[in-house]
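Novice: Here is my input; please provide its structure:
(chains A and B)
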Amino acid sequence: MKQVIQVTINGKPRQDEVEPRLLLVHYLRDVVGLTGTHIGCETSICGACTVLLNGAAVKSCTILAVQANKGEIVTIEGLATNGKLHPVQEGFWERHGLQCGFCTPGMIMAGVQILQRNPNPTEEQIREGLEGNLCRCTGYQHIVEAIQYAAQKMRT
Amino acid sequence: MIPAAFEYLVPTTLDEALSALSTHTDAKILAGGHSLIPAMKLRLASPKYLIDISRISDLNYVRESGGQILIGAGTTHYQIESSTLLKEKCPLLTETAPYIGDVQVRNRGTLGGSLAHADPAADWPAAILAVGAEINVRSSRGERTLKAEDFFVDMMTTALQPNEILTEIRIPIPPQRTGSAYEKVKQPASGFALVGVAVQITLDTNRTCQRVQVGITGLAPKPFRAIGVENMLKGKVINDQLLAQAAEKAADGVDPLSDIHASAEYRSHLARVHTKRALQRAVSRI
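Specialist: You can find the predicted model right below:
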């Protein structure tokens, strides 16, 4: 039986009727049309589907849309404000934090979580914070540097 | 990878949840969902009803009461990892938490969910055994409290009855001169424990072992207390040689798991080595 959920996505409230088995990632991509959140492994390993739910980074392939009811969701599309990139997005641009780009939305959301919890992380802490996100192109070095760039930018 | 269809129930009180659980057969409790949802996506589990207990606010807390730390079953791994109370009073839990999954998993997964799932390679059971925790469970008929070692029955099997919900984990606050440590060998792809050893040990001022609890996960179909190790240490004056001798007992009397990642022999070896390291590190912290 379908259920009504109310969520706020990137600041905008909305209401939808969903099947309980609908995964949050499918809801975001197929119902809401926000395809920036990627489906990688679909097994809670790769982190490409990472979004913020009530301020916490989560893997949206392992959450039912109904579990997000009454929640506040931020996806990659919600980070930039008035056309200006979020510092973590800017860091990925400035420090070449991506090659193919598939993991990038999830990496950026994970990066945002790292800096929310610790504005001044060490390189090791950044790598620990990215443990749930896989990149098969970059070798991670430039991703770490992108987040370091953002950390510095957000502190100043 | 989409779960089979089910009915979704969202009680806001424990009584409602217990009543739903006793009314519906083929129902599963959903907490963080980080074991259950993957199993449902793979169709290893296809319950008819999901009872989501995450909206029950009085299942989510870490507090001190009467010489114990009480943790609500719905408390997430991250909440435990970042709890200043636990860091001060029961540091084995804050040390163990970051070994679980990754940041996103720890934001959702819960202590109660992990224990009730009873994956033989999960981290929490080792720590929960080592801190001497009790596990409180409730049904619509009443409640009961189990010792951690009586809670784990077999692989993915606990003493929970179908009409019961795990509600609280109770941990005696360790006395002065207690040290603890968690040592883990990760399966490199999944991060699950090939072997994980949690130790909590109390020495008196003469370095005589007053109390010791060793919990081991990953080695056997269920997590267990390494009684052979504990018995060699209790009441003895602790030195490195004795710790090493005791650690040799880590896999005694166990029927070790064996798979493509690690043979039974290798797992047993890892258990002995890491029991020694965990003991040494725990003692060094006293």
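
Novice: Now the stretch 51-200 of chain B against chain A: closest residue?
Specialist: residue B:102 (2.9 Å; C-beta to the nearest C-beta). The way it works is simple: take the backbone N, C-alpha and C, and place the C-beta from them, glycine included.

Novice: Kindly indicate whether residue B:136 is helix, strand or coil.
Specialist: Following DSSP: H, G, I helix; E, B strand; the rest coil, we place residue B:136 in the strand state.

Novice: distance of the residue of the stretch 51-200 of chain B closest to chain A from residue A:20?
Specialist: Shown here: residue B:102 relative to residue A:20, a distance of 26 Å by C-beta to C-beta, to the nearest Å.

Novice: ditto for residue A:111
Specialist: Separation of residue A:111 from residue A:20 (C-beta to C-beta): 32 Å.

Novice: higher neighbour count, those two?
Specialist: Each of residue A:111 and residue A:20 has its neighbours counted (other C-beta atoms under 10 Å in any protein chain shown); residue A:111 has more, 32 against 22.

Novice: what helix or strand is the more buried one on?
Specialist: helix A:104-117 (DSSP states H and E).

Novice: Check which element follows that helix along the chain.
Specialist: Taking DSSP H and E, what comes next after helix A:104-117 is helix A:123-129.

Novice: Who are the contact partners of residue 150?
Specialist: No chain in the question, so chain A it is. Contacts for residue A:150 were tallied using C-beta atoms under 8 Å, 6 or more residues apart in numbering or on different chains; they are A:86, A:87, A:88, A:90, A:91, A:111, A:115.

Novice: meant chain B actually
Specialist: Residue B:150 neighbours (C-beta under 8 Å, 6+ apart): residue B:159.

Novice: where do the strands sit along chain A?
Specialist: For chain A, the strands defined by DSSP state E cover A:3-9, A:12-18, A:50-53, A:56-59, A:72-74.

Novice: For these, could you give me CSV that also reports distance to residue B:74 and mean neighbour count?
Specialist: Shown next, in CSV, are these (distance: least, C-beta to C-beta, whole Å; neighbours: other C-beta atoms under 10 Å in any protein chain shown):
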stretch, distance to residue B:74, mean neighbour count
strand A:3-9, 20, 17
strand A:12-18, 23, 12
strand A:50-53, 16, 27
strand A:56-59, 14, 28
strand A:72-74, 20, 19
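
Novice: Tell me which of those strands approaches chain B most closely.
Specialist: Closest among the strands of chain A, once you apply C-beta to the nearest C-beta, is strand A:56-59, at 4.0 Å.

Novice: Which other helices and strands does the closest one contact?
Specialist: strand A:50-53, helix A:104-117, helix B:103-108 (3 or more C-beta pairs under 8 Å, 6 or more residues apart in numbering or on different chains; DSSP states H and E).

Novice: can those go into JSON lines with extra columns for mean pLDDT and distance to residue B:67?
Specialist: Output for the helices and strands packed on strand A:56-59, formatted as JSON lines (pLDDT from 0 to 100; distance: least, C-beta to C-beta, whole Å):
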{"stretch": "strand A:50-53", "mean pLDDT": "98", "distance to residue B:67": "36"}
{"stretch": "helix A:104-117", "mean pLDDT": "98", "distance to residue B:67": "32"}
{"stretch": "helix B:103-108", "mean pLDDT": "98", "distance to residue B:67": "28"}
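
Novice: right, and the ones you listed - which one's nearest residue B:266?
Specialist: helix B:103-108 (26.4 Å; C-beta to C-beta).

Novice: picking that back up, among the strands of chain A, which is nearest residue B:151?
Specialist: Across those, residue B:151 has its closest neighbour in strand A:56-59 (28.1 Å, C-beta to C-beta).

Novice: Can you get me a residue count around the nearest residue to residue B:223 once chain neighbours are set aside?
Specialist: Counting by C-beta to C-beta, 6 or more residues apart in numbering or on different chains, residue B:125 is the residue found nearest to residue B:223 once chain neighbours are left out, at 3.5 Å. For residue B:125, the neighbour count with other C-beta under 10 Å is 31.

Novice: OK, contacts around residue B:125?
Specialist: B:114, B:115, B:118, B:148, B:152, B:215, B:217, B:222, B:223.

Novice: May I have the helix or strand where it lies exported as PDB, CA atoms only?
Specialist: Assigned by DSSP H and E, residue B:125 belongs to helix B:124-130. Extracted in PDB, the C-alpha atoms of helix B:124-130 (Å, rounded to 0.1, in the frame of the first residue of the first chain):
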ATOM      1  CA  TRP B 124      29.900  -4.800  18.600                       C
ATOM      2  CA  PRO B 125      29.400  -8.300  20.000                       C
ATOM      3  CA  ALA B 126      33.100  -8.600  20.900                       C
ATOM      4  CA  ALA B 127      33.000  -5.300  22.800                       C
ATOM      5  CA  ILE B 128      29.600  -6.000  24.400                       C
ATOM      6  CA  LEU B 129      30.900  -9.300  25.800                       C
ATOM      7  CA  ALA B 130      34.100  -7.700  27.000                       C
END
